[in-house]
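Undergrad: Using only what follows, build the 3D model:
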Amino acid sequence: MSLLDRLPFRRLFSSSRVRGRRVFMTEGRAQIEIRGVTPESAPRLARDLSRAAVRNPHVRWVELVAPMSRASFSFERGACTAVELVGIVEAAEEACELSAAALPATTSHPVDAEHEAFTELEIAANGVGFALGALLRASPLPPLGFGVNASTVLTVLDAVPRLRRVIEEQIGRDNTERALRLSLPLTQGLAQRTLAQGVELAARATALSEARARRRVFESRADDLMSQPGEYVPPSPPPSRAELPRGPIERYEGSAWMVSLGAFAVSLAASRSAQAAVASLLVGLPKAAKLGREAFAAHFTTVLAARGGVTLDPGALRRLDRVDTAVFPAELFGDVDPTAGAPPWLEALIAAAREAKITLIVAAEEPHSWAGLGADAVVLGGASLSDSVRRLQNEGRVVMLADRARSGALGLADLGVGLVRAGAPTPWGAHLLVRDDLSELPLLLFACAAAKKTSTQSVNVALAGAGLGSFVSAGGLFSNARRV
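TA: Residues are numbered from 1 along each chain as shown. So this is what the prediction gives:
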């Protein structure tokens, strides 16, 4: 075994790639990265993939999974190699004149190794920084001025979206994230901010558990998820709203600068110490509140994975605290007799929505047939489902949609939940895949309520921390408060 193979983050350097492409394979299934997938190119790409695959007699079928920029293959067990399948993808790209198009720089696919590997690297960097800070704290040396200043600047850049956006426009979002994640631990070590590093280590460990849970559940369910091909479904146009409505943390972000600057001014006036005042400034930043939301989303991902749920887009779970509307197509529930009243399972779902303070809407092709069954509203479903979801979003709602069918509405929703039926095509356009069991739906509604509560509590903790930090720094109650 080489030294590289012994590294916990070795996948950064030797991930599952063939000819530069991300590749996932089992004995009879595969998903391979494909170039140039856009709403305009996807229909032709899907046709040319099928034509190229016909030349290999061992390939049963191939489909374009456009939302993930992947070509999904089913083939005779052990009969195809990754190189052969990549050749089919390359032939389709060449036929569509997409050979020069760039592959995605980063993806959220559960089995792509880069995110998990980089999180391991972050943990290693934080461990080194924590050890450095602990050694310096045990020594008679004061915090190094360079480390204090650099740590302060990087922390502010990391926590304030407007400032961070300036850097992202220059070097890109992913490069900005990586630069901050790897440089902050070292500067915090030099500044002897071991408490901050301890918190970051715990956060990174939680993120690593999330990434591993996503990968393992996808690997365990891959053959089921890729059991049947389906037709290509074009994405739905996005809503016209400028941005997602703000939740507790976003509202706090808007005022966090005033809180931080106020704490800075009070501390500077009382202590006449720039370092103590800077400590107060850092405590008031919204990062503490965001850590609460991150921890909840990561934990819920692992809970879903234990139940067979596959999180395709982890960012969607960071929107749970803003979901206020749940839309369920009538087809999920089968035949319902309106004269007999709401069946028990629907009553349980309505009760869960009430408790979670979420508006429950049924989407039906014949809305009048669902009137009086307890839903808060009924909208047009079927071919009009995407239009109904978009209209709700344009009204300022944050919409969760659950559906079995492949539709553009799943990707349009703020949280699209695909129910996976055995032997049926997987609704890849969803952000989250769960088993075809209606008992999963109340869990998701309760998760939205829990996420709101967690975010609100995180904001309260951040505010309390800002006040306490200002008091401690101003009063000089602890001689090394500047190291927090």
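Undergrad: residues in contact with residue 344?
TA: With contact taken as CB atoms under 8 Å, 6 or more residues apart in numbering, residue 344 is in contact with no other residue. All C-beta atoms are positioned from the backbone trio N, CA, C, and that covers glycine.
Undergrad: and the gap between it and residue 351?
TA: Separation of residue 344 from residue 351 (CB to CB, to the nearest Å): 10 Å.
Undergrad: shared neighbours of these two, anything?
TA: Joint contacts of residue 344 and residue 351 (CB under 8 Å, 6+ apart) do not exist.
Undergrad: Quick one: list the elements packing against the strand or helix carrying residue 434.
TA: If you go by DSSP states H and E, residue 434 is part of strand 432-435. Judged by 3 or more CB pairs under 8 Å, 6 or more residues apart in numbering; DSSP states H and E, strand 432-435 is in contact with strand 310-311, strand 415-420.
Undergrad: In PDB, list the C-alpha atoms belonging to that strand.
TA: Only the C-alpha atoms of strand 432-435 are listed here, as PDB (Å, rounded to 0.1, in the frame of the first residue of the first chain):
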ATOM      1  CA  LEU A 432     -34.800  13.800  -1.900                       C
ATOM      2  CA  LEU A 433     -35.800  10.200  -2.600                       C
ATOM      3  CA  VAL A 434     -37.800   8.200  -0.100                       C
ATOM      4  CA  ARG A 435     -39.500   4.800  -0.200                       C
END
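Undergrad: Can you list the neighbours in contact with that strand?
TA: For strand 432-435, using CB under 8 Å, 6+ apart, the contacting residues are 225, 304, 307-313, 316-317, 415-420, 426-427, 440, 444.
Undergrad: 10 Å - rerun?
TA: 110, 217-218, 221, 224-225, 301, 304, 307-314, 316-317, 400, 402, 410, 415-422, 426-427, 440-441, 443-444 (CB atoms under 10 Å, 6 or more residues apart in numbering).
Undergrad: show me what contacts residue 154?
TA: 179, 180, 183, 184, 185, 186, 187, 188.
Undergrad: Mind listing what's buried along the host helix or strand of the last one?
TA: Residue 188 belongs to helix 173-190 when elements are defined using DSSP H and E. If you call a residue buried by 16 or more other CB atoms under 10 Å, then helix 173-190 has these buried ones: 176, 177, 181, 182, 183, 184, 185, 186, 187, 188, 189, 190.
Undergrad: quick revisit: turn the contacts of residue 154 into JSON lines, columns for distance to residue 456.
TA: JSON lines is the format used below for the contacts of residue 154 (distance: CB to CB, whole Å):
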{"residue": "179", "distance to residue 456": "32"}
{"residue": "180", "distance to residue 456": "27"}
{"residue": "183", "distance to residue 456": "32"}
{"residue": "184", "distance to residue 456": "27"}
{"residue": "185", "distance to residue 456": "30"}
{"residue": "186", "distance to residue 456": "34"}
{"residue": "187", "distance to residue 456": "32"}
{"residue": "188", "distance to residue 456": "28"}
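Undergrad: what's the pLDDT at residue 425?
TA: The model reports residue 425 with a pLDDT of 94.
Undergrad: list the contacts for it?
TA: Residue 425 makes contact with 63, 225, 226, 227, 228, 229, 230, 231, 233, 404, 405, 406, according to CB under 10 Å, 6+ apart.
Undergrad: hmm, try it at 6 Å
TA: Going by CB atoms under 6 Å, 6 or more residues apart in numbering, residue 425 touches 228, 230.
Undergrad: For the helix holding residue 188, name the packing helices and strands.
TA: Secondary-structure packing of helix 173-190 (3 or more CB pairs under 6 Å, 6 or more residues apart in numbering; DSSP states H and E): helix 113-138, helix 145-159.
Undergrad: Let me know which of those is the nearest to residue 385.
TA: When the helices and strands packed on helix 173-190 are compared by CB to CB, helix 113-138 sits nearest residue 385, at 31.7 Å.
Undergrad: and that closest one with helix 145-159, angle?
TA: Between helix 113-138 and helix 145-159, the angle comes out at 140 degrees (axes from the mean of the first three to the mean of the last three CA atoms, to 10 degrees).
Undergrad: relative to helix 173-190, how tilted is helix 113-138?
TA: Counting by the same axes, to 10 degrees, helix 113-138 lies at 20 degrees to helix 173-190.
Undergrad: and helix 113-138, how far out from the chain's middle?
TA: 23 Å (CA atoms, centre = their mean, to the nearest Å).
Undergrad: What residues of that helix count as buried?
TA: 113-126, 129-130, 132-133, 136.
Undergrad: got it, and stretch 408-423?
TA: Using 16+ other CB under 10 Å as the test for burial, stretch 408-423 gives 408-421.
Undergrad: wait, which of those residues is closest to residue 172?
TA: residue 411 (24.0 Å).
Undergrad: And for the helix holding residue 188, what's in contact with it?
TA: 105-106, 122, 125-126, 129, 132-133, 144, 147, 150-151, 154, 158, 167-168, 196-197.
Undergrad: From the chain's centroid, how far away is it?
TA: The answer for helix 173-190 is 20 Å, by CA atoms, centre = their mean.
Undergrad: What mean pLDDT does it get?
TA: Averaging pLDDT along helix 173-190 yields 86.
Undergrad: Run the chain-centre distance for whichever helix or strand comes after that helix.
TA: The C-terminal neighbour of helix 173-190 among helices and strands, as given by DSSP H and E, is helix 194-225. On the basis of CA atoms, centre = their mean, helix 194-225 sits 12 Å off its chain's mean C-alpha point.
Undergrad: Quick check: buried residues in helix 194-225?
TA: 194, 196-197, 200-201, 203-204, 206-215, 217-218, 221-222, 224-225.
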